[in-house]
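Undergrad: Have a look at this prediction, sequence included:
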Amino acid sequence: MAERFETRRYEAQQIEQKWQHRWEASGIDAASDDAQDKRPPYYCLVMFPYPSGNLHMGHVRNYCLGDAVARYKRMQGFNVLHPIGWDAFGLPAENAAIKHGRPPAEWTYHNIDQMRVQLKRLGVSYDWKREIATCHPDYYRWEQWLFTRLMQKGLAYQQNAEVNWCDPCHTVLANEQVVDGVCWRCDTPVVRKNLKQWFIRITQYADELLADLDGLSGWPEKVVGMQRNWIGKSTGAEVSFGLEDSDDTLDIFTTRPDTLMGVTYMAVAAGHPLAQKAANDQAAEGNPELAAFLKECSRMSTKEADVETMEKKGMALGIHAVHPVSGEKVPVYAANFVLMGYGTGAVMSVPAHDERDHAFALKYGIPIRQVIRPLQVEWDIDSAAFTEAGVLINSAQFDGQASADAKATITAWLAENGKGRERVQFRLRDWLVSRQRYWGAPIPVIHCADCGAVPVPDEQLPVELPTDLQPTGGASPLTECAAFRHVDCPECGKPAERELDTFDTFMESSWYMNRYTSPRNTDAMVDADAMQRWAPVDQYIGGVEHAVLHLLYARFYHKLMRDAGLFTSEQGGDEPFRNLLTQGMVLKDGSKMSKSKGNTVDPNAIIDRFGADTARLFTLFAAPPEKDLEWNDAGVEGANRFLMRFWRLLDRIDDIQVGDADDTAAVQGLRRSIHQTIQRVTHAFEQGFAFNVAIAALMELTNALYVFETKGGAGLAALKEGAEAVVKMLAPLVPHFACECGERLGFADVAVMAAWPAVDAAALASDEVTLVVQVQGKKRGEITLPKDADQDVALALAQSDASIGKWLDGMQIVKVVLVPGRLLNIVVRPA
RNA sequence: GCCGGGAUGGUGGAACUGGUAGACACAAGAGACUUAAAAUCUCUCGGAGAGUGAUCUCCGUGCGGGUUCGACUCCCGCUCCCGGCACCA
């Protein structure tokens, strides 16, 4: 007895290692590029990690979800691409380098080795032959290659710009990297600086990026909405106002050209040339009061940007604009609520129909002229602005038109008279891609005194980053590296200098999903045939924190690669990710796990104690994928308890001796449960990967198998059938455990490569059905009857049932509703 | 302010297309086994009330209405929470 216990004990560590070695040896996790492979391709991708050196629970959750998807699809007969790699450039490596006095490359590669070991312990079915690290020249050379193409097309350009500068990070930031006025990495307030920087013209793709969002039906609406918001398209008109005593014009953008005749003043940003000019040279000696006001405004826009309750303030510039239709002169103000960075930095103000303008007009005694009449309601224009659509009044030749029509006719009139045009304005700005950092991909440009900024020719790519430099905390060590810095101009051959900035690391993560399709390709960035086979990604899984940054850039890059001729729309699609699953965070005690809070749970410790499968099962069971997951040690033990309970079920089956015939009805009932479970689990997998629901169903079936009594006849076979089905359905979730169970049960194939179980329709069929009986919509009992019984039979049976019948006594039946196989509702009233 | 999403037992969460609310699990409690503990197994577990008892009745999915034979689910009006965006003209 004791001996048997020992042999059957589940030794997680040893068993998991055993299967990991077998999987690796048999190559079952590799994606096949063989054209003869008739399995349909499926591309499952998780967001690749930054190699910080330690796997955390967020990673574990991400990779368990991805692995469950990948393994499920494999069992369904797909040829699955499930790759992994490293987002290996970035600031933490430089910080670590300063701290330890070793170059970032060393730290990075060491971390990668460490994390690879941790990942392998989890037993995730990656195709390791496709592993990539973005800091490797074989990877970033293609990014450099594409960039030079973008330069040639004018899609990459260098410009002096007021940029967001983060002092501690010693670099500029993209708009997307500034969160609430502070740096997304170090939370330091961002300062404005004027620098010459490289940009990529994402605005040129704004329309396509917006339009293609409509096709992303496999994305969470939330993410689509965030992107739509970020792109921020608004349609309206650009209008040129004249300036009194001047040939210049004051150009503005408005979404409400229908309110044009209601303009009673103009407002410009503090940084607008008109405001600056008025402050400096008005009446030769300038206007100190105005200058002070403008200074105040510029301070506000930076340091106190987060001050919410900013009062609307303005100051007249002492100049007047000329209305393009009426010729009326209206005063021009500088106003603190007009932003230089949006539109033209100037607005036409219509106090009657805009809330801000209304407040401003009241404060400074500017007339309010109503030009839109509400259709439904009474409106007192002096007490509040009317901002909806209506019918035009006080608008000369445009009177009587509806707002929508007037927008068109007024815009057309302006265009005919050379005073305006239709215009579309985006919130999205061009992508600032240069960073004053060392540990990044060098921007492939050579600056020549004569030839200007010259793209590095293809034959000189990659521009390799020297990996032996030691950052000190100040400027990038590249600025000190003469060997890197000095180079001959590729065009004229004269001594020139390399660009010393490196790329934003979002550049690397924007195209890695495509590189995985042909990761060792030395001829091109991607292989068109491989793209045709795999792209776009069928299922992408990662954190919602990348909803705007990474996912927007990746969509953009995909289109850039397509337009660079690397693949066609037919081959690689217009979008990189067909379906997106945004997983929730892993919480402990209600808040995000972090070192500073001291509430982290080390995945390694969990694996040491229970094995990887328990960790996997818990993370998949405790919450639906898209919701936050509260870590719960007791819950982890519960997950382990279930696995061990199932393991003991196999002992129990082993101990049953083949014997007498079993009760046929009971066997049928068990087989029905088994096949209902297959149906439920498959459905749960298909409906948004509801693994938590799938696991619950498997637990339920396990409970049913446990209590099932058999004499060793047909019931034993059914019991085995049930156990086998559970093992197969557990395989994507707890692969080591399933393989070990499969071996015990004598599976022909390793469990993770077994075919996904099919529903036996015959097993589901039943001669009898149980109906819930309601009276007045309230459950009053149940009846069991032949499945083809009609309503009259059901009703008669219900009436004869004591607990139901008592609700019908003295009542007159007015209506009977029968939902076949489910429910009978009897509607009565007092007789 | 605008745009999304959400609110179900002590807890995490189930509930197909409008058809038995609370599956499954955690926690808690009781019992069995054990010298004891752990492990395991069995049972109870939304609230209130009635009954010696098996049971029975009423209420119950954030709040208020509505549609329907029937509503966690659909419609109208709110409250609160979470995420995103924001003087965007």
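TA: Received the coordinates, thanks.
Undergrad: what's the pLDDT at A:Pro40?
TA: Note on A:Pro40: pLDDT of 97.
Undergrad: Could you tell me how far the nearest residue to it once chain neighbours are set aside is located from A:Thr710?
TA: Spatial nearest neighbour of A:Pro40, excluding adjacent residues (CB to CB, 6 or more residues apart in numbering): A:Phe78 at 5.6 Å. Heads up, the C-betas are built off the backbone N, CA and C, glycines and all. Going from A:Phe78 to A:Thr710 by CB to CB, to the nearest Å gives 37 Å.
Undergrad: try A:Ile112
TA: Distance from A:Ile112 to A:Thr710, by CB to CB: 53 Å.
Undergrad: can you check A:Lys277 too?
TA: From A:Lys277 to A:Thr710 the distance is 95 Å (CB to CB).
Undergrad: A:Glu575 now?
TA: Distance from A:Glu575 to A:Thr710, by CB to CB: 53 Å.
Undergrad: the more surrounded of the two?
TA: Using other CB atoms under 10 Å as the criterion, A:Glu575 and A:Thr710 rank with A:Glu575 on top: 23 against 20.
Undergrad: Out of the helices and strands in chain A, which is least certain?
TA: helix A:2-8 (a mean of 44; mean pLDDT, DSSP states H and E).
Undergrad: where does the helix or strand just after that helix sit relative to the chain's centre, distance-wise?
TA: Next helix or strand after helix A:2-8 toward the C-terminus (DSSP states H and E): helix A:12-26. Chain-centre distance of helix A:12-26: 33 Å, with CA atoms, centre = their mean, to the nearest Å.
Undergrad: Helix A:12-26: which residues count as buried?
TA: A:12, A:15-16, A:19-20, A:23 (16 or more other CB atoms under 10 Å).
Undergrad: So which bits of the helix or strand hosting A:Ala738 are buried?
TA: Element membership of A:Ala738, judged by DSSP H and E, is helix A:735-744. Under the neighbour-count criterion of 16+ other CB under 10 Å, helix A:735-744 has A:735-742, A:744 buried.
Undergrad: One more: stretch A:426-438?
TA: A:426, A:428-438.
Undergrad: contacting residues around the most centrally placed residue in chain A?
TA: For chain A, the residue sitting closest to the mean C-alpha position, by CA atoms, centre = their mean, is A:Ala547 at 3.7 Å. Applying CB atoms under 8 Å, 6 or more residues apart in numbering to A:Ala547 gives the contacts A:222-223, A:226-227, A:582.
Undergrad: which of the residues you listed has the most neighbours?
TA: A:Gln227 (21 neighbours).
Undergrad: Now do the SS call for that residue.
TA: Under DSSP: H, G, I helix; E, B strand; the rest coil, the three-state class of A:Gln227 is helix.
Undergrad: doesn't A:Val548 make contact with it?
TA: Yes - between A:Gln227 and A:Val548 a contact is recorded at 6.4 Å, counting by CB atoms under 8 Å.
Undergrad: Check which residues of stretch A:796-811 are buried.
TA: Result for stretch A:796-811 [16+ other CB under 10 Å]: buried residues A:797-798, A:801, A:804, A:807-808.
Undergrad: ok, which pair from those is furthest apart?
TA: Across the buried residues of stretch A:796-811, no pair lies farther apart than A:Leu797 and A:Trp807, at 14.5 Å, counting by CB to CB.
Undergrad: mind checking how far the nearest residue to A:Cys451 once chain neighbours are set aside is from A:Phe147?
TA: Spatial nearest neighbour of A:Cys451, chain neighbours left out: A:Glu491 (4.5 Å); criterion: CB to CB, 6+ apart. Distance of A:Glu491 to A:Phe147, given as CB to CB: 17 Å.
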